[in-house]
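A.B. asks: Provided below for reference: sequence and predicted model.
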Amino acid sequence: MARGLDLLLSAVLLAGLYATMAYGLGLIYGVLRIVNLNHGGMIMAGAYMGWLLHSRLGIDPYLSLPLVAAVSFGFGVLLYRTLVMHLPRGAAGGVQSLLLLFGVWLVLRNAAYLMFTGNDQVIQTEYANKAVMVLGTSQSLNRLVVFGIAAVTLLGLHLLLTRTYVGKAIRAVAQNADSCTLVGIHVERIYMLTFGIGTALAGIAGLLGGTIFAFNPTFGAVELLKCFVIVVLGGLGSALGTAAAALVLAAVEVFAILLIPAYLTAAVGFVLLVLVLIFRPGGFFGQRVLG
Amino acid sequence: MNAIRRWMPEWLSPTALGLFAGAVAALHFLPRAVELSPYDHNQITLAFVFIAAALAWNWLGGFVGQVSFGHSAMFGVGGFVAARLILTATALPFWLTWLAGGAIAGLYALAWGHPTLRLRGPYFSIATIGVGEATRLLLTYWTQFTGGVSGLMLPINPDLKYSLYWYGLYFLALVAAASYVLRHSRLGLGLLAIKSDVDAAADVGVGVVFCQDLVLFLSGAVLGVAGGFYASYFSFIEPNDMFGFDRSISFVLMAVIGGVGTVFGPVLGAIVFVLLRQFLIASYPQLYLGLYGVLLIVVVLFEPLGLSGLIFRLTRRLRTLRAAR
């Protein structure tokens, strides 16, 4: 029983990180109808940015978060202005945007190999191995902090989207971009902003992930697939759905350890992705996005 | 001539047929006419297989319009089935092991592809990333079948390796001919309709599910045979190499460079890719991944039809120039 509670708490803590990771991907897809394959690259870049700031300048990874978020946002905006903007919109651009953003990911990955080699790195803070007692179970302090930051980030984003003028514009563009032009919303600027926010979320998630897991230039690939699982499972444009789907994935992964050998748990997410795509392509919470 | 013309289906162009037969004959006699170094001989052999794989990827990615980032799954399954058969059923001729690998790879593609191909938009592509990675992980740990990370060693046979050139050539010839048929026949028209608009295609009587599944099976089967061939060629295979994400990407790149959806673009693309990879691995091993990325970006932004589009544009410009003169 105690073990069950322990695993459940681990799953909840992990879900916070997963939800942050997935939200950016879902946001960009929901508004621009583009699958940002570079999301994985940005997760990796976020982790390395945090590592660089911590190991070279001694800045605590949690304090460097705003900086990493700002740089990631800037990179996203730049990426949008230089490359993504020129792609055809709609179904015609689907394959092209997949290939283009995949190309960007390959470039980022190569850059990481050149700068940091392929070795595994960790963001090693002095409190990295501390644990606290929660509900009678011992939980890593790091994971608790990551969960807290993830929750605050998601809440902030939710408020931005629901309570501000810009957020309203973003949601309007997601529903019907043509009508937005009519009422005077600068659609291209909203696209750029959304792409920036989505990329910034990937950077934040990468930094948070980097404080928990070891990473190398391929970091982000597995995480990207987990994002897909969550976005598909949770449906698009639903913060609650994203959070719930993240919890489902985290719980399945954590509890799978009880049933199958540990080395196979990494495959659980992929199998779940394929199963979800087959049986619930519209997700459990959002609207059905497919014909 | 007229008698031959009547015998041929009307979509088959005699020029294309002549060029194709000429190319196959020239390549058939190439090693006898010219003294190829063993290195070149092997490189050409390997290029045949990769061209065939790129063509088969293009059936699904170009003709049907469903981009797969997980075709290494079928390549690997075919390779390991063939390798296992070579090791256990030694009486089987090796080409039969390739066919068995191809058949199982095709069925494997159907097993996950039949449901996921029904999805619209980017969901199929997303699923293929998952399928590729899941297959790699599962088969890496299925050590009884794949030998795990240490892989499988196959008996080495130098004579066979030399003669693989012709097996590769005729395998490629078959796949290239199939590409032409798939594009120009009635089925090809159906695929084009499906790519443009699934609902409209179904409305005018195209068997959408059957067509998509058939192409997926064929594409997977060719990848499986290519995997089996690859296993025979190297006499050693290992899951992380066979199922690697990089391998899946290489199929995508070959088709994209040559021209997605064109009939013979992937041939050009695969040749350029193989040459480029040789050059990059020899000169800039630390940059090849990024250069692939740059290549993808440049092609997608400036010439979505790749080299085929470029050639098409150049010939058209030449023609207008000549007409102006």
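C.D. replies: Looks like it arrived, so ask away. Numbers count the residues shown, from 1 in each chain, chains lettered A, B, ... in the order given.

A.B. asks: just say helix, strand or coil for residue A:126.
C.D. replies: coil (DSSP: H, G, I helix; E, B strand; the rest coil).

A.B. asks: for residue A:222, that is, sorry about that
C.D. replies: Three-state assignment for residue A:222 (three-state DSSP): helix.

A.B. asks: contact partners for residue 45?
C.D. replies: Since no chain was named, I'll use chain A. Contacts of residue A:45 were listed using CB atoms under 8 Å, 6 or more residues apart in numbering or on different chains, and they are A:72, A:75, A:108, A:112, A:203, A:206. Just so you know, the C-beta spots here come from the backbone N, C-alpha and C atoms, and that holds for glycine as well.

A.B. asks: other chain: chain B
C.D. replies: Neighbouring residues of residue B:45 by CB under 8 Å, 6+ apart: B:164, B:165, B:168, B:233.

A.B. asks: and the second one, what does it touch?
C.D. replies: It refers to residue B:165. B:31, B:41, B:44, B:45, B:48.

A.B. asks: following the strand or helix carrying it, which helix or strand comes up?
C.D. replies: Assignment of secondary structure by DSSP states H and E places residue B:165 within helix B:158-184. Heading C-terminal from helix B:158-184, the first helix or strand you meet, by DSSP H and E, is helix B:186-196.

A.B. asks: which residues sit against that next one?
C.D. replies: B:63-65, B:181-182, B:200-201, B:204, B:206-208, B:211-212, B:214-215, B:261.

A.B. asks: low-confidence ranges, the stretch 151-291 of chain A, go.
C.D. replies: For the stretch 151-291 of chain A, the stretches flagged by pLDDT under 70 are A:236-238, A:266, A:280-291.

A.B. asks: now the helices for it?
C.D. replies: Remark: helices assigned in the stretch 151-291 of chain A by DSSP state H, counting those that start in this stretch are A:165-175, A:177-182, A:187-212, A:221-234, A:239-259, A:265-279.

A.B. asks: gap between the third one and the chain center?
C.D. replies: Here helix A:187-212 is found 8 Å from its chain centre; the criterion is CA atoms, centre = their mean, to the nearest Å.

A.B. asks: cool, and stretch B:32-50?
C.D. replies: Using CA atoms, centre = their mean, the offset of stretch B:32-50 from its chain centre is 18 Å.

A.B. asks: avg pLDDT for that stretch?
C.D. replies: Averaged across stretch B:32-50, pLDDT comes to 86.

A.B. asks: do the same with stretch B:138-152
C.D. replies: Averaged across stretch B:138-152, pLDDT comes to 83.

A.B. asks: as TSV, the helices of the stretch 151-291 of chain A with mean neighbour count and distance to residue A:118 would be great.
C.D. replies: Listed next are the helices of the stretch 151-291 of chain A as TSV, based on neighbours: other CB atoms under 10 Å in any protein chain shown; distance: least, CB to CB, whole Å:
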stretch	mean neighbour count	distance to residue A:118
helix A:165-175	16	38
helix A:177-182	13	41
helix A:187-212	25	16
helix A:221-234	26	13
helix A:239-259	20	25
helix A:265-279	20	19
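
A.B. asks: nearest to residue B:292, out of those?
C.D. replies: Of all those, it is helix A:221-234 that lies closest to residue B:292, at 15.2 Å by CB to CB.

A.B. asks: residues in contact with the residue nearest to residue B:56 when sequence neighbours are not counted?
C.D. replies: Spatially, and ignoring its direct neighbours in sequence, residue B:56 is nearest to residue B:222 (3.6 Å; CB to CB, 6 or more residues apart in numbering or on different chains). Going by CB under 8 Å, 6+ apart, residue B:222 touches B:52, B:53, B:55, B:56, B:102, B:175, B:178.

A.B. asks: pick out the most distant pair among the residues you listed.
C.D. replies: B:55 and B:102, at 14.3 Å, using CB to CB across the contacts of residue B:222.

A.B. asks: neighbour count: the two, which is higher?
C.D. replies: Ranked by neighbour count (other CB atoms under 10 Å in any protein chain shown), residue B:55 and residue B:102 place residue B:55 first, with 30 against 27.

A.B. asks: how about the residues of the stretch 101-250 of chain B by chain A?
C.D. replies: For the stretch 101-250 of chain B, the contact set with chain A under CB under 8 Å from any CB of the partner chain comprises B:112, B:115-116, B:119-123, B:125-127, B:129-131, B:133-134, B:137-138, B:141, B:198-199, B:245, B:249.

A.B. asks: next one: stretch B:260-277 to chain centre, how far?
C.D. replies: Put simply, stretch B:260-277 sits 10 Å off its chain's centre (CA atoms, centre = their mean).

A.B. asks: please apply the same query to stretch B:311-321.
C.D. replies: Centre-to-centre, stretch B:311-321 and its host chain are 29 Å apart (CA atoms, centre = their mean).

A.B. asks: extract the C-alpha set from it and format it as CSV.
C.D. replies: What follows is stretch B:311-321, C-alpha atoms only, in CSV (Å, rounded to 0.1, in the frame of the first residue of the first chain):
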residue,chain,number,x,y,z
ILE,B,311,15.8,19.5,-63.4
PHE,B,312,12.2,20.1,-64.6
ARG,B,313,12.6,23.9,-64.2
LEU,B,314,16.0,23.9,-65.9
THR,B,315,14.7,22.0,-68.9
ARG,B,316,11.7,24.2,-69.2
ARG,B,317,13.9,27.3,-69.1
LEU,B,318,16.2,25.8,-71.8
ARG,B,319,13.2,25.0,-73.9
THR,B,320,11.8,28.6,-73.7
LEU,B,321,15.2,30.0,-74.4
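
A.B. asks: sorry, back to before: just the contacts of residue A:45 that are near chain B?
C.D. replies: Of the contacts of residue A:45, the ones that also sit near chain B (CB under 8 Å from any CB) are residue A:108.
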